[in-house]
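In: what's the 3D shape of this:
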Amino acid sequence: MSRAVAIEVSHLGKTYDKIQAVDDLSFQVFTGEIFGLLGPNGAGKSTTLRILITLLHPTSGSAKIFGLDSVKDADRVRQTIGYVPQERAIDRFLTGREHLELLADLYHLSSEAASTRIPHLLKLVELEQHADRPAKTYSGGMKRKLDIACGLLPDPKILFLDEPTLGLDVQSRLRIWDHVRDMRDRGITVVMTTNYLDEADRLCDRIAIIDSGRIKALGSPTELKVGLGGDVVSLTVGEHDRVDALAAAVKNLPAIRAVMIKPNGLDIRVDSPEKALPAILEAANRLTCQLEFIDYHRPRLDDVFIAHTGRSIKDDQPKEDDQ
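Out: Model prediction:
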């Protein structure tokens, strides 16, 4: 059975001063799913998101939200979406309730609609008991919950989240994940950017891996990992100047699919570790190459990212907030 399409992106491009921030992106987002744009800082994720929410005009291509063009039908698109930005738009002297009341006025909600939705949203994000405290007393996780409540105030069909758990501690991140899943279960389509591999793996129904403004891979986390094929043997080499020589020695061995050079060793994708590992160890011994650590694992999302981009994702995470 075909699924309804919430977002249709076709050959989308965005150029800043001759720099190609987004380069020929095409993808669909289905209704009622959590769709993730995964990539390092500067990959083009936030630029793509801002085009979808009508804040930026594309240089080329198009984006449609429920059939509405993000440029020609911008006003109508804004009536169907909610947005939680990466930077917190919190006034530290207003209470949580006052934030929502102010936004309700800006959205031109009726007093009846506001009086119904605000208590509901405060309960939804577990801020009922803290609603009348100034935001300056909130923890990082509580501020992010308030951000999400603000994004949900207009009752959107699609909620866009830009790095929803950036800088939060582990427990706060897990709580935000629960809230995002709850939104999906209520029928809201969620589109989010992230550079956290575990977040994309555990939270998103499908992800688009973006690097240098291009989509490198698209699918569910499980599909991407299974599609990679083979298992991964990771070697940490004591003498870093021997890494290239070891890579050359093992790349044509039986049962070896691919060899990726790292600063301190190799990631080797193999068909069968039982067959490949003895040959790898023999090659290292022949080169008198000291192996400090050997790890074997099934393909992970990081392995998928490396296979499609040629490098590991860099999670430039700031210091975690207090809980």
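
In: now the helices for the protein?
Out: 45-52, 74-78, 96-106, 111-124, 140-152, 170-185, 197-203, 221-228, 243-250, 273-286, 301-309 (DSSP state H).

In: nearest to residue 30, of those?
Out: helix 170-185 (11.2 Å; C-beta to C-beta). Quick note: C-beta positions are derived from backbone N, CA and C, even for glycine.

In: Who are the contact partners of the residue nearest the centre of the chain?
Out: Nearest residue to the geometric centre of the chain (C-alpha atoms, centre = their mean): residue 194, 2.6 Å. Each residue near residue 194 by C-beta atoms under 8 Å, 6 or more residues apart in numbering is listed here: 36, 37, 38, 45, 163, 164, 165, 200, 204.

In: could you redo the last one with a cut-off of 10 Å?
Out: When contacts are counted by C-beta atoms under 10 Å, 6 or more residues apart in numbering, residue 194 touches 36-39, 45, 161-166, 200, 203-204, 207, 315.

In: Tell me which of the residues you listed fall in strands.
Out: 36, 37, 38, 161, 162, 207 (DSSP state E).

In: Would you convert the residues you listed into TSV that also reports neighbour count, pLDDT and distance to residue 96?
Out: Formatted as TSV, those follow (neighbours: other C-beta atoms under 10 Å; pLDDT from 0 to 100; distance: C-beta to C-beta, whole Å):
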residue	neighbour count	pLDDT	distance to residue 96
36	26	97	27
37	26	96	29
38	29	94	31
161	26	93	19
162	20	92	21
207	28	97	32
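
In: which of those residues sit farthest apart?
Out: For the ones in strands among the contacts of residue 194, the farthest-apart pair by C-beta to C-beta is 162 and 207; their separation is 15.3 Å.

In: in the chain, what spans have low per-residue confidence?
Out: 1-2, 88-89, 314-323 (pLDDT under 70).

In: change it to 50
Out: 315-323 (pLDDT under 50).

In: okay, now the domains of it?
Out: 5-225, 230-298 (automatic domain parsing).

In: Compare these and report which one is nearest to residue 307.
Out: domain 230-298 (7.1 Å).

In: Just the terminal-to-terminal distance for the closest one.
Out: Separation of the first and last residues of domain 230-298 by C-alpha to C-alpha, to the nearest Å is 8 Å.

In: Just list whatever residues bridge to the residue nearest to the centre of the chain.
Out: residue 38 (DSSP bridges).

In: Would you check how far apart it and residue 301 are?
Out: Separation of residue 194 from residue 301 (C-beta to C-beta, to the nearest Å) stands at 11 Å.

In: repeat for residue 284
Out: Distance of residue 284 to residue 301, given as C-beta to C-beta: 28 Å.

In: How about residue 213?
Out: Counting by C-beta to C-beta, the gap from residue 213 to residue 301 is 20 Å.

In: again with residue 79
Out: 35 Å.

In: swap in residue 93?
Out: Distance from residue 93 to residue 301, by C-beta to C-beta: 41 Å.

In: Those two: which is more packed in?
Out: residue 301 (22 against 9; other C-beta atoms under 10 Å).

In: Go ahead and confirm the more buried one touches residue 219.
Out: No. Contact criterion C-beta atoms under 10 Å: residue 301 and residue 219 do not qualify, at 11.2 Å.

In: Mind listing the shared neighbours of these two?
Out: With C-beta under 10 Å, 6+ apart as the test, residue 301 and residue 219 both reach 207, 209, 225.
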